[in-house]
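> Got a sequence here, can you model it:
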Amino acid sequence: MARDAMFRIAVVLVAALTLLCGIAVAQDLGTYDDKLIAELVPADSPDTIPVGTKITPGNWQQYRKFMTISLQAFMSGKYYWKMGSGADNYVEVGPTIPTELPGKYISDTEKYSGQAQLVKLPSGAY
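Numbering: from 1, shown residues only. Have a look, this model is predicted:
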């Protein structure tokens, strides 16, 4: 009897998770826009955010040019997945830590770079 009850609970949990994931996946974020891309700070820009800065749902827009478009969507609170509004919900800026690419990544990039190409989609994204 206990096994049957556990099985039923498991089925209900799987169904609930499937429903929740379906809701999140089904969203059309519609966040790609050439204007948003143009507003981002170039990687070689001397502009930075000071280490220790706390980015919150209340102040994120002043730092948006440093964020990926998906992080901007997350911070905006418009979508299913969003940043909480409590005082404990923030992103703290840390120091830049240079990292080296793995050797396999570098060798595969050199090996296959001639086969790759960017394809522009009708939405304007690549």
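> which stretches of the protein aren't confidently modelled?
1, 6-7, 11-13, 15-32 (pLDDT under 70).
> would you list every one of the strands in it?
For the chain, the strands defined by DSSP state E cover 54-55, 91-92.
> would you turn those strands into CSV with mean neighbour count and distance to residue 70?
All C-beta atoms are positioned from the backbone trio N, CA, C, and that covers glycine. CSV is the format used below for the strands of the chain (neighbours: other Cβ atoms under 10 Å; distance: least, Cβ to Cβ, whole Å):
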stretch, mean neighbour count, distance to residue 70
strand 54-55, 16, 15
strand 91-92, 12, 13
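> among these, which is nearest residue 41?
Set against residue 41 and scored by Cβ to Cβ, the strands of the chain come closest in strand 54-55, at 14.3 Å.
> So what touches that closest one?
Strand 54-55 is contacted by residues 49, 63, 75, 90-93 when judged by Cβ atoms under 8 Å, 6 or more residues apart in numbering.
> how does it look with 6 Å?
The contact list for strand 54-55 (Cβ atoms under 6 Å, 6 or more residues apart in numbering) reads 63, 90-92.
> partner strands of that strand, parallel or antiparallel?
When pairing is defined by DSSP bridges, strand 54-55 lines up against strand 91-92 (antiparallel).
> Residues touching the partner strand, excluding its own?
Identification of contacts with strand 91-92 by Cβ under 6 Å, 6+ apart yields 54-55.
> circling back: output the strands of the chain in JSON lines, with distance to residue 38 appended to each entry.
Below are these laid out as JSON lines (distance: least, Cβ to Cβ, whole Å):
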{"stretch": "strand 54-55", "distance to residue 38": "21"}
{"stretch": "strand 91-92", "distance to residue 38": "23"}
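> Okay then, goodbye and thanks.
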